[in-house]
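> Could you look at this predicted model? Sequence included:
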2 protein chains.
Amino acid sequence: MLPETPFLVVDESRVRANAARMRARMESLKVSLRPHVKTAKCLEAALICSGGVPGPITVSTLKEAEQFASHGFRDILYAVGMVPAKLDHALQLVRQGISLKLVTDNVMAAQAIAQAARQQGLALPTLIEIDVDGHRSGVKPDDRERLLAIGGALGPQLSGVMTHAGGSYNSRSIDEIRAAAAAEREGVVKAASTLRQAGMNCPIVSVGSSPTATYGEHFEGVTEVRAGVYVFFDLVMAGIQVCKLDDIALSVACSVIGHRPDTGWLITDGGWMAMSRDRGTARQAVDQGYGVVCNAAGQPLEQLIVSDANQEHGVISHREGKPLTEAEFPVGTLLRVLPNHACATAAQFDSYQLAAPGEALRITGNWSRFRGW
Amino acid sequence: MLPETPFLVVDESRVRANAARMRARMESLKVSLRPHVKTAKCLEAALICSGGVPGPITVSTLKEAEQFASHGFRDILYAVGMVPAKLDHALQLVRQGISLKLVTDNVMAAQAIAQAARQQGLALPTLIEIDVDGHRSGVKPDDRERLLAIGGALGPQLSGVMTHAGGSYNSRSIDEIRAAAAAEREGVVKAASTLRQAGMNCPIVSVGSSPTATYGEHFEGVTEVRAGVYVFFDLVMAGIQVCKLDDIALSVACSVIGHRPDTGWLITDGGWMAMSRDRGTARQAVDQGYGVVCNAAGQPLEQLIVSDANQEHGVISHREGKPLTEAEFPVGTLLRVLPNHACATAAQFDSYQLAAPGEALRITGNWSRFRGW
């Protein structure tokens, strides 16, 4: 028997294929992979990404660090800028034997990190965040003065540089992604070189985003690549050719609860509480609304999207206005919706239901996920 | 000591004031209030809305029905169209003695409800959903044929009509909200009259949305008003003059984690995982980004908004480009962000931290919330 709708479905074979493809790519390019576990927040998915045993991971919260540490992951990069108020929490993890790596882009936090490490006699290896595309935080690769000031403040805790080419999400072509990957690599390699020329220690050179990890032509000078959303993929990634629709491993199962004969809409119980409010495809060439509609087997139904959503109501319509009828989609019909953004949609649920391959949806097990900070 | 950022803050005195204002309004207009508990999903907040003891409530999921039933709420309207696969779950609640009211807008579900009630010898009182503004689901008030068909299929389970003037969220003036409230009232009253004239039973006439509940001039012929978001209010409601900024009881506390000297941005640890992806003010006269920034005491900082968000990073900028400096907002500075949409933002957290009044943020307790289906 199926769970009550809405529920979150994972196609495990696609997760395994996505993970294996990324691992093989990194191996062939001779660079380490440090999967970002913020997308799935799930032990089973992280283990698949790491090749079956705990490996190096990236986290976006100290809660993730804690959870994965409790399951044997020891090498953890916390990829959000550190604030002094979280240092005690970080030190708790270090005392458990976790090799926890921190990130900062400013002198004030660097000083607080160095001081805490010194006072506690513990290592708090820290990477300087580099800004390669202006989309968020970080030091500009050519801002030698600020780089050396932060490096100096970190002292023995300085362990490398890292960046995230988040701007690559807005690429309009594979060539643009390749260019973003080149800029990402060049930026951190330059920053590492600046630090090393000043006699500072910079063993780790870390880059990453699913688009640049997928299309980067080489990673010379880089020691590790981080990527997260590739574990499930989603419509935003498909919209910039980082995956195909058939690679998307995540969908939300919902039921038809009514029809609008005047507009030709289907109404479902898959609203934004299930899909999330993410409208990441709105700025892409093809706006997928709140998601692409598939049948129960997960096969996309041509031209059907979730065109609007209330908290617990989804509105499904045909792109060209073809009426969707009660005869074709009776009340109770189960549909599956591919999400715009896997990280946001998965966060709306506490577990993943594993789908068996086949025409009818059958659930063979589940994985749990956690949330919070 | 404060919790680690990001965390969700509630100003309890504002919750009490918002709840009291709505209760007083409904009393003066001589209509019952059936608060929608989907916004807070929290026992303490629901009790405040009900005047201290369990009263009639509206829910958006059967999980909410279960949770509130376990805390003494007995009169529950499940306001999302019923599907046959959820009838067993609904019947479990009825067997616990809950007066659970269902909703449908189609003959197929109506038949399934009537059959289940008959077979189990239990009551499944059901309201016909009416569509007063085309925004979602429901039967048009003048579609006599469909109304009577559904009423006939429900038979003895028919208990009334309900509608939700969700279109009122797009109003541009108080006059437009008043007009939406009038249309909402007229639509359900007309549908009720059609059913009664055909000899059918229609004791309940239910309307509701926070805007129309706030500005509706009278509710003649209506037996109850539902509203939810007014418990906390938010920027979308402030943007259509349903509340003032000072009425908003919910905010997300976050920390400054860095600065961008070149753009004048602050970077915080309050990203979309904390704020939600809701951009409900984007289509309003004033786009508030991902939220309006306040100091730790909850006082709005003029012109500062969260202009962009990644999963765990918020970008705060000044509307007119004034640079936000490290001197004014050092790393670690605590800020609070008012949300676009209280229902969506609250759903990103498992608890509310209660703020004591005063200049510094001090937490005096917490309320838990639940989620899921």
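Yep, it's here. Numbers count the residues shown, from 1 in each chain, chains lettered A, B, ... in the order given.

> for chain B, what are the nearby residues on the stretch 151-300 of chain A?
Neighbours of chain B within the stretch 151-300 of chain A, by C-beta under 8 Å from any C-beta of the partner chain: A:166, A:255-260, A:262-263, A:267, A:269, A:272-273, A:276-279. C-beta coordinates here come from the backbone N, C-alpha and C atoms, glycine included.

> I'd like to know which of those are buried.
A:166, A:255-260, A:267, A:269, A:272-273, A:276-279 (16 or more other C-beta atoms under 10 Å in any protein chain shown).

> tell me which of those is nearest to B:S317?
When those are compared for distance to B:S317 (C-beta to C-beta), A:G166 wins out at 16.7 Å.

> what's near enough to touch the closest one?
A:D133, A:H135, A:R136, A:S209, B:N310 (C-beta atoms under 8 Å, 6 or more residues apart in numbering or on different chains).

> Among the buried ones among the residues of the stretch 151-300 of chain A next to chain B, which lie within strands?
Members of those lying in strands (criterion: DSSP state E): A:S255, A:V256, A:I257, A:G258, A:H259, A:R260, A:I267.

> Give the closest residue to the third one in space, chain neighbours not counted.
Going back to what we said before, that points to A:I257. Excluding the flanking residues, the one nearest A:I257 by C-beta to C-beta, 6 or more residues apart in numbering or on different chains is B:G81, at 3.7 Å.

> Spell out the secondary structure type for the one you found.
Look at B:G81: counting by DSSP: H, G, I helix; E, B strand; the rest coil, its state is coil.

> same check, this time on A:Y352
Per three-state DSSP, the local secondary structure of A:Y352 is strand.

> May I see the buried residues of stretch A:365-373?
For stretch A:365-373, a neighbour-count test (16+ other C-beta under 10 Å) marks A:N366, A:W367, A:R369, A:R371, A:W373 as buried.

> Quote the end-to-end distance of it.
Its start and end residues considered, stretch A:365-373 measures 27 Å (C-alpha to C-alpha, to the nearest Å).

> Please apply the same query to stretch A:357-373.
Distance between the two ends of stretch A:357-373: 35 Å, counting by C-alpha to C-alpha.

> gap between that stretch and the chain center?
The chain centre lies 18 Å from the centre of stretch A:357-373; the measure is C-alpha atoms, centre = their mean, to the nearest Å.

> same question, stretch A:289-299
With C-alpha atoms, centre = their mean as the basis, stretch A:289-299 stands 21 Å off its chain's centre.

> what do you get for stretch A:86-101?
On the basis of C-alpha atoms, centre = their mean, the separation between the geometric centre of stretch A:86-101 and that of its chain is 23 Å.

> Check which residues of it are buried.
By neighbour count, and taking 16+ other C-beta under 10 Å as the criterion, the buried residues in stretch A:86-101 are A:K86, A:L87, A:H89, A:A90, A:L91, A:L93, A:V94, A:I98, A:L100, A:K101.

> next one: phi and psi at the fourth one?
Summarising the backbone geometry of A:A90 under the convention degrees, to the nearest 10, its torsions are phi -60, psi -40.

> For the closest residue to it other than its chain neighbours, which three-state class applies?
Nearest non-adjacent residue to A:A90, counting by C-beta to C-beta, 6+ apart: A:L100, 5.8 Å away. Recorded secondary structure, A:L100: strand (three-state DSSP).

> thinking A:L100 is in contact with A:Y78, fair?
Yes. In terms of C-beta atoms under 8 Å, A:L100 counts as a neighbour of A:Y78; the distance is 6.3 Å.

> Need the residues touching each of those two.
Residues touching both A:L100 and A:Y78 (C-beta under 8 Å, 6+ apart): A:A65, A:A90.

> what's the span of stretch A:333-349, first residue to last?
Stretch A:333-349 has an end-to-end distance of 21 Å (C-alpha to C-alpha).

> Now find how far off-centre that stretch is within its chain.
The gap between the average C-alpha position of stretch A:333-349 and the chain average comes to 14 Å, counting by C-alpha atoms, centre = their mean.

> ok, and does that stretch reach over to chain B?
Yes. Contact of stretch A:333-349 with chain B is found when judged by C-beta under 8 Å from any C-beta, involving A:H341, A:C343, A:A344, A:A347, A:Q348, A:F349.

> can you pull the buried residues of stretch A:44-57?
Across stretch A:44-57, burial judged by 16+ other C-beta under 10 Å covers A:E44, A:A45, A:A46, A:L47, A:I48, A:C49, A:S50, A:P54, A:G55, A:P56, A:I57.

> Among the residues you listed, which one lies nearest to chain B?
Taking C-beta to the nearest C-beta as the measure, chain B sits nearest to A:I57 out of the buried residues of stretch A:44-57, at 15.1 Å.

> what residues are up against that closest one?
The neighbourhood of A:I57, defined by C-beta under 8 Å, 6+ apart, consists of A:R34, A:P35, A:H36, A:V37, A:A46, A:S50, A:F68, A:F73, A:D75, A:I76, A:L77.

> List buried residues within these.
For those, a burial check counting by 16+ other C-beta under 10 Å picks out A:R34, A:P35, A:H36, A:V37, A:A46, A:S50, A:F68, A:F73, A:I76, A:L77.

> which one of those residues is nearest chain B?
Distances from the buried ones among the contacts of A:I57 to chain B were compared by C-beta to the nearest C-beta; the smallest belongs to A:H36, at 9.6 Å.

> Show me what the closest one is bridged to.
A:T58 (DSSP bridges).

> residues in contact with it?
A:I57, A:T58, A:V59, A:S60, A:A79, A:G208, A:R226, A:A227, A:G228.

> What's the local residue count around A:E4?
Using other C-beta atoms under 10 Å in any protein chain shown, A:E4 is surrounded by 18 other residues.

> Does it touch B:V83 like I think?
No. With contacts defined as C-beta under 8 Å, A:E4 does not count as touching B:V83, sitting 9.1 Å away.

> give me the element A:V207 is part of.
Taking DSSP states H and E as the definition, A:V207 sits inside strand A:204-208.

> Mind checking what helix or strand follows that strand in sequence?
Following strand A:204-208 in sequence order, the next helix or strand is helix A:210-215 (DSSP H and E).

> Could you export that following helix as PDB, CA atoms only?
The C-alpha trace of helix A:210-215 is given here as PDB (Å, rounded to 0.1, in the frame of the first residue of the first chain):
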ATOM      1  CA  SER A 210      27.300  20.600  -9.700                       C
ATOM      2  CA  PRO A 211      27.500  22.500 -13.000                       C
ATOM      3  CA  THR A 212      31.200  23.200 -12.900                       C
ATOM      4  CA  ALA A 213      32.000  19.800 -11.600                       C
ATOM      5  CA  THR A 214      30.100  18.300 -14.500                       C
ATOM      6  CA  TYR A 215      31.700  20.400 -17.300                       C
END
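
> quick one: average confidence on that helix?
Per-region confidence: helix A:210-215 scores 98 on mean pLDDT.

> Same question for stretch A:22-41.
Averaging the model's pLDDT scores along stretch A:22-41 yields 98.

> Okay, helices next: where are they in the stretch 1-150 of chain A?
With DSSP state H, counting those that start in this stretch applied, the stretch 1-150 of chain A shows helices at A:12-28, A:43-49, A:62-69, A:87-95, A:107-120, A:144-154, listed in chain order.

> picking up where we left off before, list just the nearest of the buried residues of stretch A:365-373 to B:L124.
Each of the buried residues of stretch A:365-373 was checked against B:L124 using C-beta to C-beta; the closest is A:N366, at 30.2 Å.

> was I right about the closest one contacting A:A355?
No. Because the distance of 10.5 Å does not satisfy C-beta under 8 Å, A:N366 is recorded as not touching A:A355.

> from the buried ones among the residues of the stretch 151-300 of chain A next to chain B, which is closest to B:A20?
The nearest member of those to B:A20, counting by C-beta to C-beta, is A:M273 at 28.0 Å.
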